[in-house]
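Colleague: structure for the following, please:
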Amino acid sequence: MPMKIQKLETFTSRYVSFVKVTTDDGLSGIGQMSTYHADITAQIFHRQVAPWVLGASIAGAHHDDDDGDARTIFADLAARVTEREHKFPGSYIYRALAGLDTALWDLVASAADMPVTALIGGQAGQLRAYASSMKRDISPADEAKRFCQLRDEKGFDAFKFRVGAECGRGKDEWPGRTEEIIPTVTAALGDGIVKMVDANSCFGVARAIEVGHMLEDHGVSHYEEPCPYWHPDDTLQVTNALAIDVTGGEQDCDMRVWKDMIDRRIVNIVQPDVMYMGGITPLLQVAEMADQAGLACTPHAANLSLVTICTMHVLKAIPNAGAYLELSIEGADYYPWQDALFRGDPFKVTDGHVTISDAPGWGVAVNPDWLANADYAVSEIEG
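Modeller: Below is the predicted model:
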């Protein structure tokens, strides 16, 4: 069977870019590049990814009984790109590759008439989610109030809130906010609720440990990115000093960094991001490395685009999946570009759970009105 990549289309806004891959036998799949500056990533895609994969064979990738061939083929395609573009070993290449990889998985799973999760060893169905706050400009009292409302209305039994300032060089969002929000939120939620925090690379070692002990004292079990992620030795000191789980890895896309992180147990739980990593193919590789080391994998998924859909499928398939899917609770006031990306409500929460559809591929449909209004570009083989 020919099964070669014939056409690569992108549908782009400033924040989101969807990719459609079409083969020479007419099969197609939809994927997404990483959010944020997606309009730049789309240019990278057509300039530095498409030329090296157009015409490439993916014959044999759509076996419905084993994802091994698909993973090998997709990994080789990515390697071909990064080798050809070896002068550019950075994040944008991987963000662009994510669009190709996620579209290819949708194509292959759709051809096999199964959801992606089934193709990689999982099954459709319910998945427990935690309510993830992205806000730091919210008061501790207001954060606690909306968490309690979500607990009562949606059935969430796990929540994550923010401490420190994002890449804050040791400073808080405003003086005293961290010291206030930890006891305020944890007391409001009460017992029987899992509490997590994210410091987004804010603290130096001493302050990170100090905050970590506060978290331990208030029953918080998950401490994300306490130190600048580019200083892994600092994070390791924090991990070794605390009894609670220190987590991280969302920014990382280099397998050398992942090997070091896992080999030295820089963190207790790894958090690769599907879109920053370059797709689910490399994410599955990280998950396997972590599993062999006895570490859980809870991928980062901080907005309601395809990144969360892909993560849902992965979490149902990997043996070392963390207990929860990260599910953003932010709406149009924080992520106005999320509005009307998909038909229906693929992120509906019932009793603290989301549902992975058993429909083929990713099981979601991008809103045709959104696509019609997006900036369009195409790379294809003529003739």
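
Colleague: L107 - how many residues pack around it?
Modeller: 27 (other Cβ atoms under 10 Å). From N, CA and C alone the C-beta is placed, and that goes for glycine too.

Colleague: C227 - nearest residue in space that isn't next to it in sequence?
Modeller: Nearest-residue entry for C227: D234, 4.1 Å, with adjacent residues in sequence omitted and distances by Cβ to Cβ, 6 or more residues apart in numbering.

Colleague: for R151, what are its contacts?
Modeller: Contacts here follow Cβ atoms under 8 Å, 6 or more residues apart in numbering; on that basis R151 touches D157, F159, L189, I193.

Colleague: try 10 Å this time
Modeller: Counting by Cβ atoms under 10 Å, 6 or more residues apart in numbering, R151 makes contact with A131, D157, A158, F159, A188, L189, G190, I193, G352.

Colleague: quick check, the last one in contact with A323.
Modeller: It stands for G352. No. G352 is beyond contact range of A323, at 11.4 Å (criterion: Cβ atoms under 10 Å).

Colleague: thinking again about what came up before, so which of the contacts of R151 are in helices?
Modeller: A188, L189 (DSSP state H).

Colleague: who wins on neighbours among the contacts of R151?
Modeller: That'd be F159 among the contacts of R151, by other Cβ under 10 Å, with 26 neighbours.

Colleague: and the pLDDT for that residue?
Modeller: As predicted, F159 sits at a pLDDT of 98.

Colleague: what bridges to it?
Modeller: F159 has these beta-bridge partners by DSSP bridges: A131, K195.

Colleague: can you count the residues close to C227?
Modeller: Neighbour tally, C227, other Cβ under 10 Å: 25.

Colleague: pLDDT score assigned to it?
Modeller: 98.

Colleague: same thing with A59?
Modeller: Checking the pLDDT column for A59, the value is 86.

Colleague: what about the nearest residue to it once chain neighbours are set aside, distance to A56?
Modeller: Nearest non-adjacent residue to A59, counting by Cβ to Cβ, 6+ apart: M3, 3.9 Å away. Separation of M3 from A56 (Cβ to Cβ, to the nearest Å) stands at 10 Å.

Colleague: out of those two, which sits in the more crowded spot?
Modeller: With neighbours defined as other Cβ under 10 Å, M3 and A56 compare such that M3 has more, 20 against 13.

Colleague: from memory that one sits against D25, does it?
Modeller: Yes. Look at M3 against D25 with Cβ under 10 Å: they come within range, at 6.0 Å.

Colleague: between those two, which contacts overlap?
Modeller: When Cβ under 10 Å, 6+ apart defines a contact, the residues bordering M3 and D25 alike are A59, A111.

Colleague: ok, which stretches of the stretch 151-300 of the chain are strands?
Modeller: 158-162, 194-198, 220-224, 245-248, 269-270, 296-297 (DSSP state E, counting those that start in this stretch).

Colleague: for those strands, which one sits closest to L327?
Modeller: With Cβ to Cβ as the measure, strand 158-162 is the member of the strands of the stretch 151-300 of the chain nearest L327 (9.7 Å).

Colleague: could you check the angle strand 194-198 makes with the closest one?
Modeller: 20 degrees (axes from the mean of the first three to the mean of the last three Cα atoms, to 10 degrees).

Colleague: any idea how far strand 158-162 is from the chain center?
Modeller: Remark: strand 158-162 is offset 17 Å from the chain centroid, using Cα atoms, centre = their mean, to the nearest Å.

Colleague: run through the neighbouring helices and strands of it.
Modeller: strand 125-132, helix 140-154, helix 177-189, strand 194-198, strand 220-224, strand 325-328 (3 or more Cβ pairs under 10 Å, 6 or more residues apart in numbering; DSSP states H and E).

Colleague: now the angle from that strand to strand 220-224?
Modeller: With the same axes, to 10 degrees defining the directions, strand 158-162 sits at 50 degrees from strand 220-224.
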